[in-house]
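A.B. asks: Here is a sequence together with a model predicted from it:
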Protein chains: 2
Amino acid sequence: MVSKNQIKLVKSLHQKKYRNRHNLFVAEGIKVVSELVASDFKVNAVYSTDAEIEVGAAGLVELVSEVELKKMSALTAPNKVLGVFEIPKARKPDLTGWVLVLDDVRDPGNLGTIIRLCDWFGIEHLVCSLNTVDCYNPKTLQATMGSISRVNIGYTDLPTFLEGVPSDIYGAFMDGVSVYTKAMPESGILVMGNEANGVSKEVEALVSRKISIPQFGKNTTESLNVATATAILLNEIRRG
Amino acid sequence: MVSKNQIKLVKSLHQKKYRNRHNLFVAEGIKVVSELVASDFKVNAVYSTDAEIEVGAAGLVELVSEVELKKMSALTAPNKVLGVFEIPKARKPDLTGWVLVLDDVRDPGNLGTIIRLCDWFGIEHLVCSLNTVDCYNPKTLQATMGSISRVNIGYTDLPTFLEGVPSDIYGAFMDGVSVYTKAMPESGILVMGNEANGVSKEVEALVSRKISIPQFGKNTTESLNVATATAILLNEIRRG
């Protein structure tokens, strides 16, 4: 049986402060939990309302009641299984390929979608500014559809990181050069900015190549959503 | 002063049933309301808590209290201005250019993002299956960022529509031919499927060219989100 203290701990992990304090995060749903169990992530606990559930963590699953699961869950309709995992240490990004950098992306859904895109396009390293939303936020995790287990995500001071890289630094700007003009190289850094304000001035000063996605409509749309713009630019990088 | 009946009417428009009954929909926030007022959409009413607000509908704005606005709003934090507009009749799609077709896209945010993408890429006609989420859903409207005023959106029985078009019908499928293989033509139909199930069997039978977005990761990601996949394919269409 799950103790009151365990329930309290799991619930606290919906907040970033407690995730960082305990170095743990929560994932929900059979798909995400199974993928995390099968990955290099360290399992702390798996709770389920179904004794027969198969998440690849035989012997680890603790049976809980629906009421207990609801208490631990961040979802309005909890999804049978909830896993607690250790937050992994980010590895140093490998600069021989492409690295995606996010400058203050604030929406959890956008970050989750971007992580899923990294996985699709084989971008293994994602570097986020310190003010980018936490990737272990429940809404972000939900949007990653399990792909978080295959992307190395770190948070750091961007100017310090970018000053130290030898690669060309590309950045998405409304007034950049059309991304169609020249094929993208085999490696580099791509910086995507905040939903409302784009790339910050400090980071902009370190960008060597400003690029943009051409607009074909009536020039009245102000911008693309950051996740869809990232989709288009990662596709441009990989299509060659 | 706004009457109780008016408040009741506006509130009812958050539901599709009443939008269809009254042929009206609600938009919120100064940006979206201004863009709709400036467009061909017919204004039914504009309510605001700010007498000085400028939405291009001088003389039309009815002053309401914050309590009244909150009663009419679908938002937890209402945004100063709320407009009621007539649902326009969809025009017949112009088949000399590209037309985007959605086969049961269910998530309001995805539909809104796709409408914004159509606007960016100059896709003027969007044809939705009857089970696609309503484009006048408050969450969809929010995600369009005002671009709904520049895209002609219709709902129809897809097989009937597709049987009658002379254009090539492209569809996004996991097992399609890589979209990088051949440049896309100047016109055509692009069909995007449901979030979980993709394109339906009935519609699939009418697709003449199955295309896909190549995957570069470890082949473990099951699919891309429909809005990001649409972003990539519309970019492929326009980049030539």
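C.D. replies: On my side now, so go ahead.
A.B. asks: Return the residues of chain A in contact with chain B.
C.D. replies: Residues of chain A found near chain B, taking C-beta under 8 Å from any C-beta of the partner chain as the criterion, are A:35, A:109, A:113, A:116-122, A:143, A:145, A:147, A:150, A:180, A:213-218, A:220-222, A:224-225, A:227-229, A:231-232, A:235-236, A:238-239. C-beta: built from backbone N, CA, C; applies to glycine.
A.B. asks: Buried subset of those residues as a PyMOL selection?
C.D. replies: Selection of buried members from the residues of chain A next to chain B for PyMOL, criterion 16 or more other C-beta atoms under 10 Å in any protein chain shown:
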select buried, chain A and resi 35+109+113+116+117+118+119+120+121+122+143+145+147+150+213+215+216+217+221+224+225+227+228+229+231+232+235+236+238+239
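A.B. asks: quick one, strands of chain A?
C.D. replies: Using DSSP state E, the strands of chain A run over residues A:24-28, A:43-48, A:61-63, A:81-86, A:98-102, A:125-129, A:152-156, A:169-178, A:188-192, A:209-212.
A.B. asks: now, of the ones you listed, which is deepest in the fold?
C.D. replies: Burial of those is given as mean neighbour count (mean count of other C-beta atoms under 10 Å in any protein chain shown); strand A:98-102 ranks first at a mean of 26.
A.B. asks: Tell me which of the residues of chain A next to chain B fall in helices.
C.D. replies: The members of the residues of chain A next to chain B that map onto helices under DSSP state H are A:35, A:109, A:113, A:116-120, A:143, A:227-229, A:231-232, A:235-236, A:238-239.
A.B. asks: thinking again about what came up before, identify whichever of the strands of chain A lies nearest to B:Val81.
C.D. replies: strand A:169-178 (26.3 Å; C-beta to C-beta).
A.B. asks: Just want the angle from that closest one to helix A:226-239.
C.D. replies: Going by axes from the mean of the first three to the mean of the last three C-alpha atoms, to 10 degrees, strand A:169-178 is angled at 90 degrees with respect to helix A:226-239.
A.B. asks: For strand A:169-178, which helices and strands make contact with it?
C.D. replies: Judged by 3 or more C-beta pairs under 8 Å, 6 or more residues apart in numbering or on different chains; DSSP states H and E, the packing partners of strand A:169-178 are strand A:188-192, helix A:201-204, strand A:209-212, helix A:226-239.
A.B. asks: and the ones you listed as TSV, adding mean pLDDT?
C.D. replies: Below are the helices and strands packed on strand A:169-178 laid out as TSV (pLDDT from 0 to 100):
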stretch	mean pLDDT
strand A:188-192	98
helix A:201-204	98
strand A:209-212	97
helix A:226-239	97
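A.B. asks: Could you export the ones you listed as a markdown table, including distance to A:Met174?
C.D. replies: Converted to a markdown table, the helices and strands packed on strand A:169-178 look like this (distance: least, C-beta to C-beta, whole Å):
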| stretch | distance to A:Met174 |
| --- | --- |
| strand A:188-192 | 13 |
| helix A:201-204 | 12 |
| strand A:209-212 | 6 |
| helix A:226-239 | 10 |
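A.B. asks: Quick one: closest of the ones you listed to A:Arg91.
C.D. replies: Each of the helices and strands packed on strand A:169-178 was scored for nearness to A:Arg91 using C-beta to C-beta, and the closest is strand A:188-192 (16.3 Å).
A.B. asks: List the strands paired with the closest one, with their directions.
C.D. replies: The pairing partners recorded for strand A:188-192 under DSSP bridges are strand A:98-102 (parallel), strand A:169-178 (parallel).
A.B. asks: Could you check the angle the shortest one makes with strand A:152-156?
C.D. replies: An angle of 50 degrees separates the directions of strand A:98-102 and strand A:152-156 when computed by the same axes, to 10 degrees.
A.B. asks: gap between strand A:98-102 and the chain center?
C.D. replies: Per C-alpha atoms, centre = their mean, to the nearest Å, the displacement of strand A:98-102 from the mean C-alpha position of its chain is 12 Å.
A.B. asks: before we move on, what about the last one?
C.D. replies: In terms of C-alpha atoms, centre = their mean, the centre of strand A:169-178 is found 22 Å from the chain centre.
A.B. asks: Any chance you could list what contacts that strand?
C.D. replies: Residues outside strand A:169-178 that contact it (C-beta atoms under 8 Å, 6 or more residues apart in numbering or on different chains): A:162, A:184, A:188-193, A:198-199, A:203-204, A:206-214, A:223, A:229-230, A:233.
A.B. asks: rerun that using 10 Å as the cut-off
C.D. replies: Strand A:169-178 is touched from outside by A:98-99, A:101, A:103, A:162-163, A:179, A:184-185, A:188-193, A:198-199, A:203-204, A:206-215, A:222-224, A:226, A:229-230, A:232-233, A:237, B:239, with contacts defined as C-beta atoms under 10 Å, 6 or more residues apart in numbering or on different chains.
A.B. asks: related to what we said a few turns ago, output the strands paired with strand A:188-192 in JSON lines; the columns should cover mean pLDDT and distance to B:Tyr155.
C.D. replies: Converted to JSON lines, these look like this (pLDDT from 0 to 100; distance: least, C-beta to C-beta, whole Å):
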{"stretch": "strand A:98-102", "mean pLDDT": "98", "distance to B:Tyr155": "36"}
{"stretch": "strand A:169-178", "mean pLDDT": "96", "distance to B:Tyr155": "33"}
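A.B. asks: out of those strands, which comes closest to B:Ile7?
C.D. replies: Minimum separation from B:Ile7 across the strands paired with strand A:188-192 (C-beta to C-beta) falls at strand A:169-178, 40.1 Å.
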